[in-house]
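Visitor: Model the structure of this input:
(3 chains)
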Amino acid sequence: MSRENAGEAEIVLRLAGITKRFGPLVANDNVSLTLRRGEIVGLLGENGAGKTTLMNILFGHYVADEGSIEVDGTPLPAGSPGAALAAGIGMVHQHFTLADNLTVLDNIILGTEPLLRLSSRRNAAKARVRELAEAFGLAVDPDATVSALSVGERQRVEILKALYREARVLILDEPTAVLTPQESTSLFETLKKFADRGLSIIFISHKLGEVLAACHRVAVLRGGKLVAERPVAGATRADLAELMVGRTIAPPKAEPQPAGPAILELSGIAARRGAQKLESLSLALHGGEVLGIAGVSGNGQSLLADLISGLVTPATGTMTLKGKVLASPSPRQMVAQGVARIPEDRHAEGLVGDMSVSENVVSEAYLTPAFSHHGFIDWKKAREFALKIIKDYDVKCPGPEARVRLLSGGNMQKLILGRVMANDPVIVLANQPTRGLDVGAVTYVHEQLLAARKRGAAVLLISEDLDELLSLSDKVAVIYRGQLSPVIRRADVTIADLGLRMAGQGFEHGGESHAA
Amino acid sequence: MDAVEILFTASLWAAAIRIASPLIFATLGELICERAGVLNLGIEGIMTVGAFSGWLTVYMGGSLWLGILAAAVAGSAFGLLHALLVVPLGLSQHVTGIGITLLASSLSYYVYRLVFPEVTSPPKIEPFQPWNVPVLSDIPVIGEALFRQTPLTYLAFAAVLLVSWFLYRTPMGLAVRTVGENPSAVEAQGIDVTWVRIAAVMAGSALMGIGGSFLTLSAFNSFFFDMVNGRGWICIALVVFGSWRPGKALLGALLFGLFDAYQLRLQQLAGGYVPYQVFLMLPFVLSIIALIVMSRRAAYPRALMVPYRKGER
Amino acid sequence: MVGNPMRLEPREQRSLAVILGYPLVALAVAAAFCAILVMFSGANPLSVFGLMVKGALGTQFAFLETLTRATPLIFTGLAAAVAFRAKLWNIGGEAQLYAGAVMTVVFGTGLLPLPWPVLIPVLMVAAMLGGAIMLSIPTFLKTRFGVDEVVTTLLINFIAILFVSMLLEGVLKDPMGLGWPQSKKVIADAQLGKLVQGKRLHFGFVIALLAALAIWVIDRRSALGYEMRAVGHNPKAAAFAGIPVNRVLAKTALLSGGLAGLAGYSEVAGLKGNLTLDLSPGFGYTGIVVAMLAMLHPLGVVAAAIFVAAVFVGADAMSRTAGVPSYIAHVMVAASLLCMVTAVMLTRYRLRWR
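Guide: Numbers count the residues shown, from 1 in each chain, chains lettered A, B, ... in the order given. Next comes the predicted model:
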């Protein structure tokens, strides 16, 4: 079925007037959407626009406050993933829902058999998985343990899970976030094949280019409302961008400036933790410069970040900070030396959710004379510091006593920024600094990073978002299986080249794709 | 007889299997709970409740098998309470488990005192008698050790096979294993995490109850205070020792039983030289050593002790 | 399959009525449960509860007896509260208490012939050390090998009591004890004075109150208290911020074990005079209940310990007259624990049905 006649195919899915509130926040405001057979609809919107909420309602994770859902003209019972699956809806979550210690087959057949059956029919299931994998070009070994698979392979398992259940509507939530550009392109082709076979697909993304490349039709969500719905043919990036954001936002602009001296130098670093490793890694961070690290997740980024955070001591190699060799770095030492560390996971590493704003802002400095004497903490000073951060960084919260858990992601990130930027750091380590933030907060974080660069700090930006990386960085390097590519000037980078490197081309053991 | 000769006596091996039997049931029970992601520290109290309710049922005129059933039902009732508190409410599994142990054992003692206010020596029942398996029990040594046990012991071995089959061969077992690894994977396949966990904890607690009833219905013939005496805590160590696998847990329980039976005999042999307390300490010391040795390669269920809240990641 | 109809939603604001009201409701539910159990004995629950209150608080003698019973519970309750704050699951209060008691009789029965102003602090430090070492072993196994401390502290309880039994039948046995497994009496300079002439309440109670105050200050004001809370709430974030998690856990173990060790000292030097195998009727385990009832607040521990002690003392008195088994006290304490942790959860989260 082609794009042209998809408009006349029968409607398989109809969302009517969906409204969902979380306390005072309206996540979905009277959203209506239809999906036809063989159609790929892009659901476009910034983080926080309500895309994931809408799909979680469709899939039964949440119950809508108002509105209804019909599949093939039959109402879908609310709040039951089981009913959604039975109606032929399959969902590929952004964070994969796979059990790592189980096999691919286990993950696929889970929940597909009557629970009280006395014996699983595993052989028949395995044959069918092989058949499906063959038919749809999703090669994966059913007996492999999930933990041994690459990110790309795991995504195929997620898709196979849906196909195994004979899904007719497939929802993919930000499927390209973990893929290289080339892998993304091949995913789009696979999706087109699915559509030609009559599957209907909802493709959730906040990336314009992808939606234009992969979809027949696009629906734009902004602030929980459906603000536009139109065919992709004839739509341009510019007007979609404006629809999505609601106002024109100037992309962050880094004024050219000369690079300063090297502040931090890593040379010949090797380190290992669990499955993650770094191998003979060398790099230099210069003042007044942003170095971007690109790579598919799980290739050593977090180990590199932890190394510079002082959490990991390298097995071999040296770290030189401001001309001094660090023997056994610790977080406290790195902070004292002026390293601002923005962690990958705000909730898990950045903040203690059940402690107050005051308690969180002093977590790196509570032992310094500014906040404590003889082992006792001056909570009045901590509170003043918290108030200053709340004011200077525009953190929306009830006050310094508020538990951090109740803050939004953007405000949490501002709090972390306030904490780490307070003492004019010479190095800023930003690991996935905008993940999961809404557009306003993203802009704010970008501005802060560029301001630090302007002040002469060296910024190391680790990000899976290539757009972000390319718009902020002066230089870019790719990390692949613990090795770092040569550093390339931003002006010399092409997306295609970057994608190939992310897939392992040009690396020592490279050549084969990470997701092969 | 010297310390080595003891190892070749059938009575040692028979005792080892006898001692292991209640541990096998309770370890399997804890294993199912933990495989579903729920630590059940109520085990010590649930075994006490099983021991008491099984015994009381038989004392009141019920058959021995009815006693087993009563123990299983009582065990799963406390399992349900534990599960309700830690699964949907997400309370601390440590604190709640200790609370369940305190509640279950104190309730047993309260009801015991209510029924028998005055007794000084514990009332007795007629327990399970050894049942000699035809032919097999005549094999020298092995027959005496393995095939002249009470029916409950045979049931314990059967339970290992059943639990293994359940976990690795049935759809429900797959759901239990997955819910202990990554609950959102279960949710995404349309199965409710809460129900799976509650069911698993109830089933596991029923096995713990049966394990407790072995003490009153097979090993001894009466109920007395503190009779579980740390066996529940040892079973928790055995689950770790067995790497959360039924077969290895059986092996662990048998090793433990063998060791316990052996130390009892050594105690008689060396009673004059070494204080008896040293021998009594050994099972607990051994459990700790087992935990240390196994800790490095422990493939514990990833979601163990992590409460699951729908829609949260 | 039917979906789970219940879910929890964090409360943005907690009203005072909820914070104070829910725990009271929890205790009422526990009492109601016990009332039903009492009815099975044929007694009238109201008169049974009346007898319990009278037996625990009704007379000066009863009240002092309750405070005497509360003294070790304050120590073990503080021990549990301190450890649980840092999510160090110390279930080994029993072993640490006995370790403290052993240290007391080792050094306090004549080995150190010192005057009381010196001897008492020395014995207290020794008892704290004993308890601290007892908890340091499982804490080391946790931080070094990742062995769950719940199981090891529980197992060590059994080892410790057998060890004490061995000592009492061996090196520590009182030659004048007519063969009973008991230690010699501590010397007069090692003993804690009585607070009220001719009654059992002793100076250990005052020490317990001071300990609660000290822990409160440490918790609120000190860097260590802050570190312990941070490690307890989120060890990963604490480590990221530069808090040495393992070292904090080690310090927590010293403090928590030391407090439980003090319970052993106070019972021997203040009340019993010597060490026997029935020194503690489960004070270590009951301390966990005390800590949870107090919601881990150091000053709350004092109140909770007095409450729990009153339940036990009252039940003993009641059971002599009303004929209801005194095990009702254990049931009531356990039920209170479970109801209280549920209530505390519900002050933080709202239960929603859909």
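
Visitor: Contacts only, for the spatially most central residue of chain A.
Guide: With distances taken as Cα atoms, centre = their mean, A:R435 lies nearest the centre of chain A, 5.1 Å away. By Cβ atoms under 8 Å, 6 or more residues apart in numbering or on different chains, the contact set of A:R435 is A:E344, A:E464, A:D465. All C-beta spots, glycine's among them, are computed from the backbone N, C-alpha and C.

Visitor: Tell me if I'm right that the second one and A:T180 touch.
Guide: No. Counting by Cβ atoms under 8 Å, A:E464 sits too far from A:T180 to count as a contact (10.2 Å).

Visitor: what does the stretch 151-300 of chain B put close to chain A?
Guide: B:169-172, B:174-175, B:177-178, B:181-182, B:184-192, B:299 (Cβ under 8 Å from any Cβ of the partner chain).

Visitor: can you do 7 Å?
Guide: Residues of the stretch 151-300 of chain B lying near chain A by Cβ under 7 Å from any Cβ of the partner chain: B:169-172, B:174-175, B:177-178, B:181-182, B:184-191, B:299.

Visitor: Just put the contacts of A:R435 in CSV and tack on distance to C:T286.
Guide: Listed next are the contacts of A:R435 as CSV, based on distance: Cβ to Cβ, whole Å:
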residue, distance to C:T286
A:E344, 43
A:E464, 52
A:D465, 55
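
Visitor: Take those residues and write them to JSON lines, including neighbour count and secondary structure.
Guide: Listed next are the contacts of A:R435 as JSON lines, based on neighbours: other Cβ atoms under 10 Å in any protein chain shown; DSSP: H, G, I helix; E, B strand; the rest coil:
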{"residue": "A:E344", "neighbour count": "19", "secondary structure": "coil"}
{"residue": "A:E464", "neighbour count": "19", "secondary structure": "coil"}
{"residue": "A:D465", "neighbour count": "18", "secondary structure": "coil"}
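
Visitor: and which of those residues is nearest chain C?
Guide: Nearest to chain C among the contacts of A:R435: A:E344, at 10.0 Å, using Cβ to the nearest Cβ.

Visitor: Pull the contacting residues for the residue lying closest to the closest one once chain neighbours are set aside.
Guide: Once flanking residues are discounted, A:E344 sits nearest to A:N431: 4.3 Å by Cβ to Cβ, 6 or more residues apart in numbering or on different chains. Shown in contact with A:N431 (Cβ atoms under 7 Å, 6 or more residues apart in numbering or on different chains): A:A305, A:I342, A:P343, A:E344, A:I462.

Visitor: Over to A:N299?
Guide: A:I479, A:Y480, A:R481, A:G482.

Visitor: Next one: C:S326 from A:T103, what distance?
Guide: Distance of C:S326 to A:T103, given as Cβ to Cβ, to the nearest Å: 55 Å.

Visitor: quick one: secondary structure of C:V106?
Guide: Classification of C:V106 using DSSP: H, G, I helix; E, B strand; the rest coil returns helix.

Visitor: Likewise for A:M319?
Guide: Secondary structure, three-state DSSP: A:M319 is strand.

Visitor: ok, now C:G179?
Guide: Per three-state DSSP, C:G179 ends up coil.

Visitor: doesn't A:N28 fall inside a strand?
Guide: Yes. Secondary structure assignment places A:N28 in a strand (three-state DSSP).

Visitor: what residues are up against the residue at minimal distance from the centre of chain C?
Guide: For chain C, C:G287 is the residue whose C-alpha lies nearest the centre (Cα atoms, centre = their mean; 2.1 Å). Going by Cβ under 7 Å, 6+ apart, C:G287 touches C:L73, C:T76, C:G77, C:A79, C:A80, C:G93.

Visitor: hmm, try it at 6 Å
Guide: Going by Cβ atoms under 6 Å, 6 or more residues apart in numbering or on different chains, C:G287 touches C:T76, C:G77, C:A79, C:A80, C:G93.

Visitor: Quick check: the gap between the residue of chain A positioned farthest from its centre and C:S222.
Guide: In chain A, counting by Cα atoms, centre = their mean, A:H374 sits farthest out from the average C-alpha position, at 42.9 Å. Distance of A:H374 to C:S222, computed by Cβ to Cβ: 9 Å.

Visitor: just A:T236 next, same as before
Guide: A:T236 is 61 Å from C:S222, by Cβ to Cβ.

Visitor: got it, and A:L43?
Guide: 52 Å.

Visitor: Now residue 21: which helix or strand?
Guide: Looking at chain A here, since you left the chain open. According to DSSP states H and E, A:R21 maps onto strand A:11-22.

Visitor: not what I meant, chain C
Guide: helix C:16-40.

Visitor: Okay, angle between whatever helix or strand comes next after that helix and helix C:16-40 too, please.
Guide: As assigned by DSSP H and E, the chain's next helix or strand after helix C:16-40 is helix C:45-53. Angle, helix C:45-53 to helix C:16-40, by axes from the mean of the first three to the mean of the last three Cα atoms, to 10 degrees: 110 degrees.

Visitor: What degree of burial does A:R489 show, as a neighbour count?
Guide: Residues near A:R489, counting by other Cβ atoms under 10 Å in any protein chain shown, number 10.

Visitor: Would you mind giving the domain segments of chain C?
Guide: Following automatic domain parsing, chain C resolves into domains at C:13-41+C:333-354, C:68-295.

Visitor: First-to-last residue distance for the longest one?
Guide: Right, the one you point to is domain C:68-295. Using Cα to Cα, to the nearest Å, the end-to-end distance of domain C:68-295 comes to 22 Å.

Visitor: Report the rounded mean pLDDT for it.
Guide: Average pLDDT, domain C:68-295: 95.

Visitor: Repeat that for stretch A:374-381.
Guide: The average pLDDT for stretch A:374-381 rounds to 95.

Visitor: What's the end-to-end length of it?
Guide: Stretch A:374-381 end-to-end distance (Cα to Cα) = 15 Å.

Visitor: Check whether that stretch comes into contact with chain C.
Guide: Yes. Interface with chain C: stretch A:374-381 contributes A:G375, A:F376, A:I377 (Cβ under 6 Å from any Cβ of the partner chain).

Visitor: of all the residues you listed, which comes closest to A:V290?
Guide: Of all the residues of stretch A:374-381 next to chain C, A:I377 has the smallest distance to A:V290: 35.4 Å, by Cβ to Cβ.

Visitor: any idea how far that closest one lies from C:W216?
Guide: Remark: distance between A:I377 and C:W216 (Cβ to Cβ) = 15 Å.

Visitor: okay, these two: which has more neighbours?
Guide: Neighbours were counted for A:I377 and for C:W216 using other Cβ under 10 Å; A:I377 has more, 22 against 18.

Visitor: For that one, list the residues it contacts.
Guide: By Cβ under 6 Å, 6+ apart, A:I377 lies in contact with A:Y366, A:F371, C:A223, C:Y226.

Visitor: rerun at 7 Å
Guide: Neighbour list for A:I377: A:Y366, A:F371, C:R221, C:S222, C:A223, C:Y226 [criterion: Cβ under 7 Å, 6+ apart].

Visitor: now swap in A:A305 and tell me
Guide: A:E344, A:L429, A:N431, A:I462.

Visitor: Swap in 6 Å and give it another go.
Guide: A:N431, A:I462.

Visitor: does it sit in a helix, a strand or a coil?
Guide: Assigned with three-state DSSP, A:A305 falls in the helix class.

Visitor: All set, thanks.
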